[in-house]
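**Q** here is the input, now give the coordinates:
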Amino acid sequence: MKKTDWFTHSRFGMFIHWGIYAIPARGEWVRSVEKIPLEDYQPHFDNFNPTDYDAKKWAKAAKNAGMKYAVLTAKHHDGFCLFDSKLTDYKSTNTPANRDLVKEFVDAFRAEGIKIGFYYSLLDWHHPDYPHYGDKHHPMRDNETYKGKHHDFDNYLKYMHGQVKELCTNYGQIDIFWFDFSYDDMKGEKWKATELLQMIRSYWPDILIDNRLEGSGEEHGSLTDNNHTEYAGDFISPEQIIPLYPLTNPKGENLIWETCITMNSNWGYHDTDKNFKPADMLIKKLVECVSKGGNMLLNVGPDAKGNIPQESLDILTKIGQWMRLNGESIYGCHIADISKPEYGRITKKGNVLYYHVMESQISAIPLVGIKPEQIKRIWHVATGAELNPMQHWFLNNYPEIAFVSFGASPNLPDATDTVIGIELFK
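**A** Okay, here's the model as predicted:
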């Protein structure tokens, strides 16, 4: 059994971006985008008190949506920690919240049977030894005050490695470590990446680690090479895009990947961003990921009080309703190696194919790629109702293709995605 088997079986997870940036409510990059000095950002730390935060509610929302794992931003780029780090005062236990918010997350999600992941930013705009002036992203990158200022980057690395050790040792088994992100010359051994991963795996040999010690969301890193680095990670992490094709290495072997996607246009809470993607779109995109051999990590950005926005909860509810009826066509499914039909997608598990029909047909639905004599049984996945191959004179020109029909209605039983299961003779 491979250590990645649970991951490729799960297919669907929750990303949670949360921190003191929820107070200005203009996204998680607000300090960098607006070049906010630390002293002007400090009031958000001083006022952070998410009185509505109930990790059990978050966990139930994830479970009801059909999500099997969750990744929380233990520390984002602004350097603020949601955990009780002994290496900094810039943490949730020193705010009015006075709580280890990571521990509450871990306990609640584990109780629901959801696997645990920690996001940790390699960047840190709060630490004095992380490069300021001239850095590509630091809020003070153009501030002449910091020009020529010495930063002891080794001291920062000691701090960063120390915090990763804390996360590995203070919360029990961790299933995923999700680093973000590398850029320019800030990549690979600049982070002492080999040493970092060896330390993590000394505690959790089977932990899964993303590929961002080598790059950012648009870079696949050396996992796509025959000779990848020791810190290449276990999966590729495209961002805000689904790969056009399954990801493979030079040998043609399928690679493990997970795309992370926002529900609206921001990762962190943004009060005026109402550009929420419809649930039916996200269901179809989840199916697309699985049909190409990938996972979807779908983000929520809780507000400053600790509430997941109602729009996000409504979307999760609708996805969960579909998943409860059709989850077998997602969990444990892979690439079908059959050309995509014009009306939808195909996923596969063993000798069972799942045809995802997202567009009504004139009459019968062609099960392209399957001959009638290959079929052992057909059923409507949502209800379990038996379906029979359809025979009719207007299908006679396609004897090599099986057809099926849901009856006289021109409308599909599920307008978003009606799933047909086909078990083939072995």
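**Q** quickly list the domain ranges of this protein.
**A** 5-332, 336-424 (automatic domain parsing).
**Q** of the ones you listed, flag the one that's most buried.
**A** domain 5-332 (a mean of 19; mean count of other Cβ atoms under 10 Å). For every residue, glycine as well, the C-beta is placed using N, CA and C.
**Q** now the domains of the chain in a markdown table, with mean pLDDT?
**A** Formatted as a markdown table, the domains of the chain follow (pLDDT from 0 to 100):
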| stretch | mean pLDDT |
| --- | --- |
| domain 5-332 | 97 |
| domain 336-424 | 95 |
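**Q** please name the nearest non-neighbouring residue to residue 400.
**A** Of all residues not flanking residue 400 in the chain, residue 371 sits nearest, at 5.6 Å (Cβ to Cβ, 6 or more residues apart in numbering).
**Q** wait, residue 357 touches residue 421, no?
**A** No - contact status for residue 357 versus residue 421: not in contact, 11.7 Å apart, counting by Cβ atoms under 8 Å.
**Q** does the nearest residue to residue 204 once chain neighbours are set aside sit in a helix, a strand or a coil?
**A** Leaving aside its chain neighbours, residue 204 sits nearest to residue 174 (5.8 Å; criterion: Cβ to Cβ, 6+ apart). Following DSSP: H, G, I helix; E, B strand; the rest coil, residue 174 is assigned to coil.
**Q** OK, contacts around residue 174?
**A** 116, 117, 118, 167, 168, 204, 207 (Cβ atoms under 8 Å, 6 or more residues apart in numbering).
**Q** how close does it sit to residue 91?
**A** 18 Å (Cβ to Cβ, to the nearest Å).
**Q** one more: residue 236?
**A** 31 Å.
**Q** one more: residue 207?
**A** Applying Cβ to Cβ to residue 207 and residue 91 gives a distance of 23 Å.
**Q** so residue 394 touches residue 363, yeah?
**A** Yes - using Cβ under 8 Å, residue 394 is in contact with residue 363, at 7.1 Å.
**Q** nearest spatial neighbour of residue 10, skipping sequence neighbours?
**A** Closest residue in space to residue 10, ignoring its immediate chain neighbours: residue 68 at 3.5 Å, by Cβ to Cβ, 6+ apart.
**Q** do a quick rundown of the helices in this structure.
**A** Under the criterion DSSP state H, the chain contains helices at 5-10, 30-33, 38-46, 55-65, 101-111, 153-169, 193-203, 279-291, 310-326.
**Q** quick one: which of the ones you listed is nearest residue 246?
**A** Between residue 246 and the helices of the chain, the tightest spacing by Cβ to Cβ is seen for helix 279-291, at 8.8 Å.
**Q** what's in contact with the closest one?
**A** Taking Cβ under 8 Å, 6+ apart as the rule, helix 279-291 contacts 11-12, 242, 259, 261, 263, 295-296, 298, 314-315, 318-319, 322, 329-330, 333-336, 340, 344-347, 356, 358, 415-417.
**Q** for that helix, list the C-alpha coordinates in CSV.
**A** Taking C-alpha atoms only, helix 279-291 is exported to CSV below (Å, rounded to 0.1, in the frame of the first residue of the first chain):
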residue,chain,number,x,y,z
ALA,A,279,-22.1,24.9,-6.6
ASP,A,280,-23.0,23.2,-9.9
MET,A,281,-19.9,24.6,-11.5
LEU,A,282,-17.7,23.4,-8.6
ILE,A,283,-19.2,20.0,-8.7
LYS,A,284,-18.4,19.7,-12.4
LYS,A,285,-14.9,21.0,-11.8
LEU,A,286,-14.4,18.4,-9.0
VAL,A,287,-15.4,15.7,-11.5
GLU,A,288,-13.0,17.2,-14.1
CYS,A,289,-10.2,16.9,-11.6
VAL,A,290,-10.9,13.3,-10.8
SER,A,291,-11.3,12.4,-14.5
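**Q** taking the contacts of helix 279-291 one by one, which sit in strands?
**A** 12, 259, 261, 295-296, 298, 334-335, 344-347, 356 (DSSP state E).
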